[in-house]
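Asker: structure, please.
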Amino acid sequence: MRSSRLLVGLAALGLTLSACGGVNDAGTDGSESAAPADSTPSAAPTATSSESTMASETGGGDGGPVTVAGFNFPESSILGEIYAQALEGAGLEVERQLDSGTREILLPEMQDGNVDIIPEYVGSLLSTGYGETPETDPQAALDQAAGVIEGDGLALLEPAEAQDKNVFVVTSDYAQENDVTALGDLADVGDVTLAGGPECEDRETCFAGLASVYGLDNVSFTTIQEKAPRLAALNGDDVQMILLFSTDPVFEDGSLIILEDPDNLSPPENVIPLVRQEALDANPVIAETLNAVSAVLTTEGLTSLNAAAAQGEQPGDIAAGWLEENGLTG
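Answerer: Next comes the predicted model:
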């Protein structure tokens, strides 16, 4: 079946994939001192109108079931469920491949026609998906992304106001003791160890960029996959800095500080539906439905969705509640 390569790839790479299985290392892939300012570019000029299941042979290209996939971290599973449930409410048959892997796995599957829809992040699509350096202006980054995907039979729909960036985090005590508020300040503090998911190490939007963008040759990297162990290592001073989501609810008590990123190592990361053009042509309701989702998805709302996941709620239940709250049920 179409999804066999995906399942084989997941089995082979399962031990090395980053998840943001509790934290987003989308380079992102998709956490200022608060969540990033909401900035919503207009639609890309080329855009047109739970548990994983195996995709059907036909997919969404002939008006059959559409396959919604998601990266392997909770926020992506929630967004995938929101998309899937909204599309089901619009009358489409939807198959899910949520929590399926990193962008390095899912984007080729989409390019091959095995996945129809992914909740994406503009900057990470460019940097990790296509090896491009994202523009720092949200509209320019969106236009750039629309251009690079065009030849792969893909389309971008309307971007959401919501953004979720990878952010570099220290404890408030460390920041005060070392007079650190921004990434560049780390040049004067001696040796620093950053903990993140394994893919962060080689990404220019993550650890690699600390040297190339900020000249921080005093920062080393260690892999800690999950958020809870990262936080424990940070609070125990085993590491001095960790990677988190900008929409992670752990920042509420003020004990953690997000270091400022004036050189935009983390690019604009508006949430946006990435759709196979063939599926979009066969099912025009996809654009109308997912654009309605994007129209009301905010950074604050995304943070609330993540908080619900942190409290143990399941992605399907979180998505259903959000859709009802925003008047988007079928």
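Asker: helices of the stretch 101-250 of the chain, start to end?
Answerer: Taking DSSP state H, counting those that start in this stretch, the helices of the stretch 101-250 of the chain run over residues 103-111, 122-124, 130, 138-149, 172-178, 207-212, 227-235.
Asker: deepest of the ones you listed, which one?
Answerer: Among the helices of the stretch 101-250 of the chain, the stretch with the highest mean neighbour count (mean count of other C-beta atoms under 10 Å) is helix 122-124, at a mean of 30. C-beta coordinates here come from the backbone N, C-alpha and C atoms, glycine included.
Asker: what lies in contact with the helix or strand following that one?
Answerer: Downstream of helix 122-124, the next assigned helix or strand under DSSP states H and E is helix 130. Identification of contacts with helix 130 by C-beta atoms under 8 Å, 6 or more residues apart in numbering yields 148, 149.
Asker: likewise stretch 290-305?
Answerer: 35-36, 38, 75, 78, 82-83, 86-87, 117, 157-164, 246-249, 271-273, 275, 318, 322, 326, 328.
Asker: how about 7 Å then?
Answerer: Stretch 290-305 has contacts (C-beta atoms under 7 Å, 6 or more residues apart in numbering) with 35-36, 38, 75, 78, 82-83, 86, 157-164, 247, 249, 271, 273, 318, 322, 326, 328.
Asker: could you check how far residue 123 is from residue 263?
Answerer: 14 Å (C-beta to C-beta, to the nearest Å).
Asker: can you check which of the helices of the stretch 101-250 of the chain gets nearest to residue 68?
Answerer: Ranking the helices of the stretch 101-250 of the chain by proximity to residue 68 (C-beta to C-beta) places helix 103-111 first, at 11.0 Å.
Asker: for the closest one, C-alpha coordinates in CSV please.
Answerer: Output in CSV follows, covering the C-alpha atoms of helix 103-111 (Å, rounded to 0.1, in the frame of the first residue of the first chain):
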residue,chain,number,x,y,z
ARG,A,103,9.4,16.6,8.5
GLU,A,104,12.3,14.6,7.0
ILE,A,105,9.9,11.6,6.9
LEU,A,106,6.6,13.2,6.1
LEU,A,107,7.4,15.7,3.5
PRO,A,108,8.8,13.1,1.0
GLU,A,109,5.7,11.0,1.7
MET,A,110,3.6,14.0,0.7
GLN,A,111,5.7,14.7,-2.3
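Asker: from the chain's centre, how far out does it sit?
Answerer: Its chain's average C-alpha position is 14 Å from that of helix 103-111, according to C-alpha atoms, centre = their mean, to the nearest Å.
Asker: now it: mean pLDDT?
Answerer: What helix 103-111 shows for mean pLDDT is 92.
Asker: what is it packed up against?
Answerer: Counting contacts by 3 or more C-beta pairs under 7 Å, 6 or more residues apart in numbering; DSSP states H and E, helix 103-111 is packed against helix 4-13, strand 66-71.
Asker: looking at these, which has the lowest confidence?
Answerer: Minimum mean pLDDT among these: helix 4-13, a mean of 37.
Asker: how far off helix 103-111 does the longest strand anywhere in the chain point, in degrees?
Answerer: When the chain is parsed with DSSP state E, its longest strand is strand 94-101. For strand 94-101 against helix 103-111, the angle by axes from the mean of the first three to the mean of the last three C-alpha atoms, to 10 degrees is 150 degrees.
Asker: what strands line up against strand 94-101, and which way round?
Answerer: Within its sheet, and counting by DSSP bridges, strand 94-101 is paired with strand 66-71 (parallel).
Asker: CA atoms of the partner strand as CSV?
Answerer: Output of strand 66-71 as CSV, limited to C-alpha atoms (Å, rounded to 0.1, in the frame of the first residue of the first chain):
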residue,chain,number,x,y,z
VAL,A,66,-8.0,12.4,2.3
THR,A,67,-5.0,11.6,4.6
VAL,A,68,-4.1,14.0,7.3
ALA,A,69,-0.7,13.4,8.8
GLY,A,70,1.2,15.1,11.7
PHE,A,71,4.6,15.3,13.1
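Asker: what lies in contact with that strand?
Answerer: 26, 29, 55, 59-60, 76-77, 79-80, 83-84, 87, 92, 94-103, 106, 115-119, 279, 283, 286.
Asker: just how off-centre is stretch 148-167 within its chain?
Answerer: Averaging C-alpha positions (C-alpha atoms, centre = their mean) puts stretch 148-167 10 Å from its chain's average.
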